[in-house]
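Q: compute the structure for the input listed below.
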Amino acid sequence: MAPAGRHQVVVGVDGSPHARLAMRWASRFALLLDADVTAVHGTGLLDHVDGRLVPAHAHIDEIRRALEEEWCGRLDRTHLPHRVEVVERPAVDALLAAAHEGPTDLVVVGTRGRGIPRAQALGSTALQLLRQATVPVLVVPGPSGDRSVELRRLVIGVDGSVAAQAALLWASGLACLTGARCEVVAVAEDDPVFPLGTAATVTAAGEEDAPDRLRAIAEQACESLRDLGVTCEVTVRRGTAADALLGVARDRHADLVVVGSSGEGSAGNPLLGSVSRQVAHDAGRPVAVVPHPGHRHPGAYHPASAATAGRRS
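A: The predicted structure is shown next:
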């Protein structure tokens, strides 16, 4: 069991293939950040036991046994400090509650991602977490081939906003811990701003000098990474923010995409309008979404925690 008061990585588990991959990523981050793992399963009213959909409360002992012996078996094999929880409430509520119980560096959740239509995905646990979480969330798509959990190349979205700066700081700490190469990406859009909706501070609409101005922002961000000894490159593109960022991630074979989130999205459709959530749904690779500092849970996460994690006692 994990000692009380230590930092934690919270992961959602349910026995599915994408949740098993999420567990691998949670274990990887826990080792990097010197954190414990808290594995959480929220049952809701119904749950699956041996392939059957059953009333959760009546089968809670069976569910807990599956959680401890099967779904979380990897934690015992890796000897990571951990605890497992079965909570009789929806998965999103269970994960958010666990994240607020103590200092939390990350919440990790698996998703079927591109395997389901976007309209259906809007109600998924992953996308609801991205809208509500006040700590960074790592969205891990279902396994496709032999997917490594190593972090060799990061793609980071920047636009000069406070939320993007928080994402850059989080990514810089991760790059320092792993030696990963970073690609800092800025997108000059014709319509919405990148990447976060109405709260972002940079508007590229209709400005001919937007690419040059955004390049300056990206170069400054990249220089801050180089000062830490991180190998960094800059890419500036015109187009739709999510598509451009996903294109760079695909072309560079990124292991992880890092973006900030204001928690707002577009005025017309907050879920669909958030570029961070579009990227998380469509990337086909892990995406870390870092919340705006003003929306962060007090005491649960600080943007410097990733950079200082290796020095924690």
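
Q: C-alpha coordinates for whichever strand or helix holds Val236, PDB please?
A: Here Val236 sits within strand 232-238, counting by DSSP states H and E. Taking C-alpha atoms only, strand 232-238 is exported to PDB below (Å, rounded to 0.1, in the frame of the first residue of the first chain):
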ATOM      1  CA  CYS A 232      14.500  21.600 -29.100                       C
ATOM      2  CA  GLU A 233      13.200  22.500 -32.500                       C
ATOM      3  CA  VAL A 234      10.500  25.000 -33.700                       C
ATOM      4  CA  THR A 235       7.700  24.500 -36.200                       C
ATOM      5  CA  VAL A 236       5.200  27.200 -37.200                       C
ATOM      6  CA  ARG A 237       2.300  26.400 -39.500                       C
ATOM      7  CA  ARG A 238      -0.900  28.000 -40.800                       C
END
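
Q: give me the residues contacting it.
A: Residues outside strand 232-238 that contact it (Cβ atoms under 8 Å, 6 or more residues apart in numbering) are 181-190, 210-211, 214-215, 218-219, 222, 225-226, 244, 247-248. Yep, even glycine has a C-beta here, placed from its N, CA and C like the rest.

Q: okay, and which of those residues map to helices?
A: Ala210, Pro211, Leu214, Arg215, Ala218, Glu219, Cys222, Leu225, Arg226, Ala244, Gly247, Val248 (DSSP state H).

Q: can you tell me the closest non-neighbouring residue to the second one?
A: In this case it means Pro211. Leaving aside its sequence neighbours, Pro211 sits nearest to Ala188 (Cβ to Cβ, 6 or more residues apart in numbering; 4.8 Å).

Q: quick one: strands adjacent to the strand holding Val236?
A: strand 181-188 (parallel) (DSSP bridges).

Q: for the strand it pairs with, what is the distance to the chain centroid?
A: Averaging C-alpha positions (Cα atoms, centre = their mean, to the nearest Å) puts strand 181-188 17 Å from its chain's average.

Q: assess the claim that Val155 and Asp251 are in contact.
A: No. Taking contacts as Cβ atoms under 8 Å, Val155 lies outside contact range of Asp251: 9.5 Å.

Q: of these two, who's got more company?
A: Val155 (30 against 11; other Cβ atoms under 10 Å).

Q: so where do the strands sit in the stretch 51-200 of the chain?
A: Assigned by DSSP state E, counting those that start in this stretch, the stretch 51-200 of the chain shows strands spanning 52-55, 82-87, 104-111, 137-141, 153-157, 181-188.

Q: thinking again about what came up before, how big is the angle separating the strand holding Val236 from strand 153-157?
A: Calculated by axes from the mean of the first three to the mean of the last three Cα atoms, to 10 degrees, strand 232-238 forms an angle of 40 degrees with strand 153-157.

Q: list the buried residues for strand 232-238?
A: Neighbour-count burial for strand 232-238 flags Cys232, Val234, Thr235, Val236, Arg237 (criterion: 16 or more other Cβ atoms under 10 Å).
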